[in-house]
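Trainee: Build me a structure from this.
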Amino acid sequence: MSTVKENRAFRLSKRPRGLAEEPGLELVTTEIPVLEDGQALVRTLVLSVDPSSRIFMSDIRSDLPPVQEGSVMRGVGIGRVVASRRADLPVGARVLGSTGWQDYQVADDTELETPFTVLPEPLPAPLEDLLGVLGLTGITAWLAVEIADPQPGRTVVVSAAAGAVGSIAGQLAKERGARVIGVAGGPDKCQYVVEELGFDACVDRRDPHWRDRLDEATPDGIDADIENVGGEILDHVLSRITTGARIAMCGMIADYSADPAQRHGIRNLVELVEQRATAYGFLVADHANRFDEIAGELAVRLEDGRLRHERVVLEGLEHAPEALARIFRGDNRGKVLVRVAADDATDGTV
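Mentor: Numbering: from 1, shown residues only. Modelled structure (predicted):
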């Protein structure tokens with residue numbers, strides 16, 4: 001039996017209204033219940049922090065219901081089983097699933113949105129990579145590139161190009177022979193995107209003349225767009241799409257505020273009709289049957305050096321809200337994660 005008695009967890013205390021303000025999260029400590037048959041206790045090791053967290057805090061309609069006020073913040077992570085009354089989740093196993101923003105999760109498949117799955121031993125990659133470049137982040141990028149269908153001689157724009165998804169998607173598009181133009185926040189990020197990731201050019205969205213810069217970088221128009229931001233960036237991209245252009249809608253981070261007044265209306269939507277273009281929205285969860293296949297393709301590219309990536313890892317559960325804020329401030333390059341606990345086989349709890 002586990003000797004753990006208490007659990008720290010971030011609970012949603014109020015729904016945030018904007019993107020810049022602090023999220024309405026409160027760190028609380030509660031007692032861990034005695035396990036029942038069919039349950040296991042999972043110690044969170046690494047937590048994935050993603051822009052979609054802001055959607056779940058709000059009442060924006062999405063594929064999952066909003067996190068209810070007073071409930072533990074939704075989140076996917078990797079943990080280790082420290083106590084178990086489940087044969088399929090033995091003590092010591094490392095597992096991936098709905099950890100939530102907390103130290104411990106009671107793994108009960110009748111309640112969890114993402115049931116825990118046992119990871120192979122030895123691990124094929126570091127925990128952080130299994131949540132990033134080889135996890136849902138990298139798989140999202142792969143699917144976006146398939147939708148955008150970049151080809152030699154075509155121009156592809158990737159927004160949030162230095163971010164977790166955009167940085168990988170741009171490299172995959174380059175591998176297919178396309179001319180890839182990134183959009184990122186700040187000269188340092190643009191330099192990273194071009195010099196280290198191999199994009200052909202990058203436009204600084206903080207430049208007051210960024211629209212002119214994007215026009216100059218795409219003199220023949222935009223044949224495909226891998227969209228992670230939305231808002232005014234997408235609106236301007238639409239004004240430059242070519243006939244038959246393809247837009248892969250990965251995310252709309254500019255519009256993740258629950259306040260409609262803070263969202264940016266799209267004025268150039270008519271271009272989809274006039275250019276006979278396709279805008280395709282997708283969710284990575286709908287492609288679970290391909291996860292192993294795509295992760296394998298990404299792993300080969302990572303091993304042979306074709307694929308580069310970065311990650312930002314904050315230490316300690318208490319820094320999870322700051323990790324999310326970094327994403328919306330645009331402070332990060334690559335994937336953002338929180339290391340909640342050391343990867344110890346027993347954690348001293350069993």
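Trainee: Low-confidence ranges, the stretch 1-150 of the chain, go.
Mentor: 1-4, 18-23, 111-113 (pLDDT under 70).
Trainee: Would you mind listing where the stretch 151-300 of the chain has pLDDT under the threshold?
Mentor: Using pLDDT under 70, the stretch 151-300 of the chain drops low at 257-263.
Trainee: Would you state the strands of it in chain order?
Mentor: Under the criterion DSSP state E, counting those that start in this stretch, the stretch 151-300 of the chain contains strands at 155-159, 179-184, 201-204, 222-227, 241-249, 278-281.
Trainee: Pick the most buried one from these.
Mentor: Mean neighbours per residue, mean count of other C-beta atoms under 10 Å, is largest over the strands of the stretch 151-300 of the chain for strand 155-159, with a mean of 31. The C-beta positions use only the backbone N, C-alpha and C, and glycine is treated the same way.
Trainee: neighbouring strands for that strand, and are they parallel or not?
Mentor: strand 179-184 (parallel), strand 222-227 (parallel) (DSSP bridges).
Trainee: Would you mind pulling the contact partners of the last one?
Mentor: This points to strand 222-227. 141, 144-145, 148-150, 154-159, 165-166, 169-170, 173, 178, 181, 233-234, 237, 240-242, 244-252 (C-beta atoms under 8 Å, 6 or more residues apart in numbering).
Trainee: now that strand against strand 241-249, angle please.
Mentor: Here the directions of strand 222-227 and strand 241-249 differ by 20 degrees (axes from the mean of the first three to the mean of the last three C-alpha atoms, to 10 degrees).
Trainee: Alpha carbons of strand 222-227, in PDB - could you do that?
Mentor: Extracted in PDB, the C-alpha atoms of strand 222-227 (Å, rounded to 0.1, in the frame of the first residue of the first chain):
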ATOM      1  CA  ILE A 222       1.000  31.200 -50.600                       C
ATOM      2  CA  ASP A 223       0.200  27.600 -51.700                       C
ATOM      3  CA  ALA A 224      -0.200  26.100 -48.300                       C
ATOM      4  CA  ASP A 225      -0.500  27.300 -44.700                       C
ATOM      5  CA  ILE A 226       0.100  25.400 -41.500                       C
ATOM      6  CA  GLU A 227      -1.900  27.600 -39.100                       C
END
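Trainee: returning to that earlier point: now that we have the strands paired with strand 155-159, can you turn them into a markdown table and tack on distance to Pro126?
Mentor: Formatted as a markdown table, these follow (distance: least, C-beta to C-beta, whole Å):
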| stretch | distance to Pro126 |
| --- | --- |
| strand 179-184 | 25 |
| strand 222-227 | 26 |
